[in-house]
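Q: the sequence isn't on hand, but the structure is:
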């Protein structure tokens with residue numbers, strides 16, 4: 001789905017692109033690939049990243065495909081890891097794979113479809129350095145840089161393009177660059193051959209695509225004995241979503257995919273390998289309880305195929321030392337116990353469905369899952 005660029009009218013300090021990152025050109029083979037062969041080029045590059053022992057990718061590495069300049073050819077984002085220091089490597093394609101550089105932190109960058117900016121930020125010791133980039137003529141051009149040290153012990157300062165600004169100017173400029181939505185890029189697909197094939201190889205329908213992916217995963221150790229998958233249409237378009245859990249432990253989230261010519265990622269959510277879907281409200285919710293801290297978030301599928309947060313709940317009832325320390329919040333705002341409970345109760349649905357662990361990833365269960373889904377539609 002291509003996005004319309006919104007031209008921003010902001011201060012002279014922020015207009016134009018002020019710097020350009022060097023571009024390293026990387027050919028995946030001895031000859032330039034055909035202009036319409038980005039799938040093969042990216043596939044070859046991903047396989048090289050997966051199998052070359054010289055690369056420093058880990059079992060936590062991942063990748064995304066997303067078109068950030070509306071040319072119908074997606075860019076490739078490879079996340080080194082999800083730790084704080086890990087960056088996201090960005091590649092583009094024009095007869096060959098071009099390396100645009102390494103950006104972000106926690107293995108991700110963010111794309112703002114409303115403004116066509118890539119956001120890259122890093123925070124350390126209370127200092128945040130961030131920039132907004134646009135892909136133009138094969139290069140990522142830095143259009144604005146931001147700095148603040150509000151988390152440090154030093155006197156707080158704000159800078160845009162190395163010019164001192166007020167807190168209000170700083171926050172307003174961020175809002176104008178961010179737009180209304182943001183898409184996290186780098187961690188849609190685990191960096192494995194199975195997911196590389198699923199993301200790049202077109203299939204005739206969802207059943208063929210999901211079967212190929214799950215069959216391939218069944219022959220690897222990617223999914224543990226505690227993991228599994230579910231199939232359920234939560235968007236009402238007659239194409240079921242695929243929910244994959246690597247494990248059922250608390251730290252294991254649920255990967256959610258849909259089908260549009262190839263397998264497409266919708267995100268990674270939840271804990272204990274699953275998410276919960278309410279057919280009544282058409283909302284998906286995630287739940288986590290850790291050391292007495294309880295988190296519940298409800299999402300709805302919105303613009304740009306992103307799960308947008310509908311509402312979030314938090315309480316520390318099980319972790320507070322005294323009654324006076326107990327905190328209840330809704331969307332980050334403190335509320336009373338009564339308001340918290342009544343609002344949360346209104347969202348609960350006793351007919352909600354846990355998704356992610358209905359079937360084991362064996363060929364027998366894969367065939368069974370799709371047969372049952374088709375027969376029960």
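A: Alright, I've got the coordinates. Treat the numbers as computed from the prediction; the structure is a model and nothing was measured. Residues are numbered from 1 along each chain as shown.
Q: contacts, neighbours, all on C-alpha from now
A: Will do.
Q: can you pull out the strands in the stretch 1-150 of the chain?
A: Per DSSP state E, counting those that start in this stretch, the stretch 1-150 of the chain carries strands over the ranges 19-20, 24-26, 62-66, 75-79, 88-93, 97-103, 109-112, 117-124, 127-136, 139-148.
Q: could you give the average pLDDT over the shortest one?
A: The pLDDT scores in strand 19-20 average 34.
Q: for the fifth one, same thing?
A: Strand 88-93 comes out with an average pLDDT of 96.
Q: redo the strands of the stretch 1-150 of the chain as TSV? Include mean neighbour count and distance to residue 188.
A: Compiled in TSV, the strands of the stretch 1-150 of the chain are given as follows (neighbours: other Cα atoms under 10 Å; distance: least, Cα to Cα, whole Å):
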stretch	mean neighbour count	distance to residue 188
strand 19-20	14	27
strand 24-26	13	23
strand 62-66	23	5
strand 75-79	27	9
strand 88-93	24	12
strand 97-103	21	17
strand 109-112	22	12
strand 117-124	21	16
strand 127-136	19	21
strand 139-148	21	21
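Q: residue 246 is nearest to which of the ones you listed?
A: strand 62-66 (14.0 Å; Cα to Cα).
Q: got a list of what residue 340 touches?
A: Going by Cα atoms under 8 Å, 6 or more residues apart in numbering, residue 340 touches 313, 328, 329, 330.
Q: I should have written residue 46 there, sorry.
A: By Cα under 8 Å, 6+ apart, the contact list for residue 46 reads 191, 193, 196.
Q: what lies in contact with stretch 257-269?
A: The contact list for stretch 257-269, computed with Cα under 8 Å, 6+ apart, reads 188-189, 198-206, 209-210, 239-243, 253-256, 275, 286, 305-307.
Q: quick check: buried residues in it?
A: 257, 258, 259, 262, 263, 264, 265, 266, 267, 268, 269 (16 or more other Cα atoms under 10 Å).
Q: any low-confidence regions in this structure?
A: Filtered on pLDDT under 70, the chain yields the residue ranges 1-36, 304-305.
Q: where exactly do the helices run in it?
A: 38-51, 167-178, 193-200, 206-218, 337-347, 363-376 (DSSP state H).
Q: could I get those as CSV with distance to residue 152?
A: Output for those, formatted as CSV (distance: least, Cα to Cα, whole Å):
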stretch, distance to residue 152
helix 38-51, 38
helix 167-178, 15
helix 193-200, 41
helix 206-218, 45
helix 337-347, 33
helix 363-376, 52
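Q: tell me which of the ones you listed is the most buried.
A: helix 193-200 (a mean of 21; mean count of other Cα atoms under 10 Å).
Q: so what touches that helix?
A: 39, 43, 46-47, 50, 189, 209, 212-213, 216-217, 262-264.
Q: one more: stretch 72-91?
A: With Cα under 8 Å, 6+ apart, stretch 72-91 has contacts from 2, 38, 42, 56-58, 60-68, 92-93, 97-109, 185-187.
Q: how about residue 344: what's its closest non-neighbour residue?
A: residue 313 (7.5 Å; Cα to Cα, 6 or more residues apart in numbering).
Q: picking that back up, give me the buried subset of the contacts of stretch 257-269.
A: 188-189, 198-200, 202-203, 206, 209-210, 239-243, 253-256, 275, 286, 305-307.
Q: which of those fall in strands?
A: Assigned to strands by DSSP state E, the following of the buried ones among the contacts of stretch 257-269 qualify: 189, 241, 242, 243, 254, 255, 256, 275, 286, 307.
Q: need the max-distance pair from the residues you listed.
A: 189 and 286, at 19.8 Å, using Cα to Cα across these.
Q: grab the nearest non-local neighbour of the residue most central in space within the chain.
A: Taking Cα atoms, centre = their mean, the centroid of the chain lies closest to residue 184, which sits 4.0 Å from it. Among residues not flanking residue 184 along the chain, residue 110 sits closest, at 4.6 Å (Cα to Cα, 6+ apart).
Q: identify the residues contacting that neighbour.
A: 118, 119, 120, 182, 183, 184, 185.
Q: please name the residues that touch the fourth one.
A: Right, the one you point to is residue 182. Contacts of residue 182 by Cα under 8 Å, 6+ apart are 110, 111, 112, 113.
Q: just name the closest of these to residue 178, please.
A: The closest of these, once distances to residue 178 are taken by Cα to Cα, is residue 112, at 6.0 Å.
Q: pretty sure the closest one sits against residue 183.
A: Yes - the pair residue 112 / residue 183 is scored as a contact, 6.4 Å apart, by Cα atoms under 8 Å.
Q: domain parsing for the chain?
A: 12-185, 203-376 (automatic domain parsing).
Q: off-centre distance for the first one?
A: Its chain's average C-alpha position is 14 Å from that of domain 12-185, according to Cα atoms, centre = their mean, to the nearest Å.
Q: kindly report the same for stretch 284-300.
A: On Cα atoms, centre = their mean, the centre of stretch 284-300 falls 18 Å from that of its chain.
Q: end to end, how far does it reach?
A: Chord length of stretch 284-300, first to last residue, is 6 Å (Cα to Cα, to the nearest Å).
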